[in-house]
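Enquirer: following is a predicted model, sequence given first.
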Amino acid sequence: MPLRISVVIPTYKASAWIEETLQSVVRQTYPLESLELIVVDDASPDDSVDVARRFLAGHRIENRILPQTKNCGVPTTRNLGWREATGEWIQFIDQDDLLAPHKLALQAARAERAEADVAVVYSNWQHYLLQNGQWKASGAINAPFVDDDPVLRILQNPTFGYVGPTLIRRSFLEKIGGFELNPNIGEDTDLMLRLAMAGGRFCEARSDQAAFLYRQWPGSLWRSYFKNTTAMRNLLLTFHRVEEYLRALQPDGQLAEEARLALAARYSRFADVYAEVDPESFRLLMGWLAGLGFTQPLCESRALRVMSQALGFENAVRMRAFYRKLRERLR
């Protein structure tokens, strides 16, 4: 018998997107009788639940819609969904993202022969962008490979970490307790790293075409988290816990050069944002960078890197912020 897979979709104000997302589920080449679909609505004030019910009434797929009476956030609704699921493997998909038609069949074939310590089966993915008034798959196909050393490879590659391109074994979600409930701009990456640190192996299911489409638009939820200092700080703490884990593996507590560089890059990624909006978190990351042997963040922007060499990182960030505000006033 084919593996039973549970598809979990958290929704909130999803009426504009949910039908297309559900369509991508029922169009799977994988047998629908081996799927169950669980929609957990986070007390939407719109008609998201009604749209989902009308759509599913016309399709033969086992489904449950779980409307919540109180808004509690994506991590909680995802946890409610997988805990209600009966499948051995869980597919998480956000309300506006899409599964390619071959996605579940491709990954189920790999999951069927996976050993018990395999926690995640993953494939490639591509952005889904609005171009000339139409949504289209666009840009490079992201195909990170993490099988050989998941903790290190996830640190090294920011294109790995979204839950959508994966299938996750339910028993490993139980082992780590699912998603952390504290707000975190990197909640998906946090989950993947905790699965890897819990001993879960990762296995790639290769595909010539993107298996998952991640919709990217200016209103995406994660962008609002830049204004949420708690969510931003918890992202830093995610990577610091990984550093502690890696140090604990070594008798002398020293890090391999690859790990040292990967952690420094992760601490540095939003260093300019921390310097502007959360000085306490900035001091934390600067201390952790110093412990890795770096005197200032690794700048992705060439202009900021040059300014930092002349003025120091914090002064460079302040000057850039001043210039941006001045430019806005002159428009």
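Expert: That came through, no problem. Note that the structure is predicted; figures quoted are calculated from it, not measured. Numbering: from 1, shown residues only.

Enquirer: which strand or helix spans residue 76?
Expert: If you go by DSSP states H and E, residue 76 is part of helix 74-84.

Enquirer: next structured bit after that helix?
Expert: Helix 74-84 is succeeded, C-terminally, by strand 89-92 (DSSP H and E).

Enquirer: list the buried residues in the helix holding residue 76.
Expert: Across helix 74-84, burial judged by 16 or more other C-beta atoms under 10 Å covers 74-82. Placement of C-beta: from N, CA and C, glycine included.

Enquirer: in stretch 4-19, what's buried?
Expert: 4-12, 14-15, 17-18.

Enquirer: quick check, distance from that stretch to the centre of its chain.
Expert: 16 Å (C-alpha atoms, centre = their mean, to the nearest Å).

Enquirer: before we move on, what about stretch 35-48?
Expert: 20 Å.

Enquirer: quick check: end-to-end length of that stretch?
Expert: 22 Å (C-alpha to C-alpha, to the nearest Å).

Enquirer: export the buried residues of helix 74-84 to TSV and tack on distance to residue 178 and pLDDT?
Expert: Output for the buried residues of helix 74-84, formatted as TSV (distance: C-beta to C-beta, whole Å; pLDDT from 0 to 100):
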residue	distance to residue 178	pLDDT
74	12	96
75	8	97
76	9	98
77	11	98
78	7	98
79	4	98
80	9	98
81	10	98
82	6	98
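
Enquirer: tabulate those residues (JSON lines), appending distance to residue 45.
Expert: Converted to JSON lines, these look like this (distance: C-beta to C-beta, whole Å):
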{"residue": "74", "distance to residue 45": "16"}
{"residue": "75", "distance to residue 45": "20"}
{"residue": "76", "distance to residue 45": "18"}
{"residue": "77", "distance to residue 45": "15"}
{"residue": "78", "distance to residue 45": "20"}
{"residue": "79", "distance to residue 45": "22"}
{"residue": "80", "distance to residue 45": "19"}
{"residue": "81", "distance to residue 45": "20"}
{"residue": "82", "distance to residue 45": "25"}
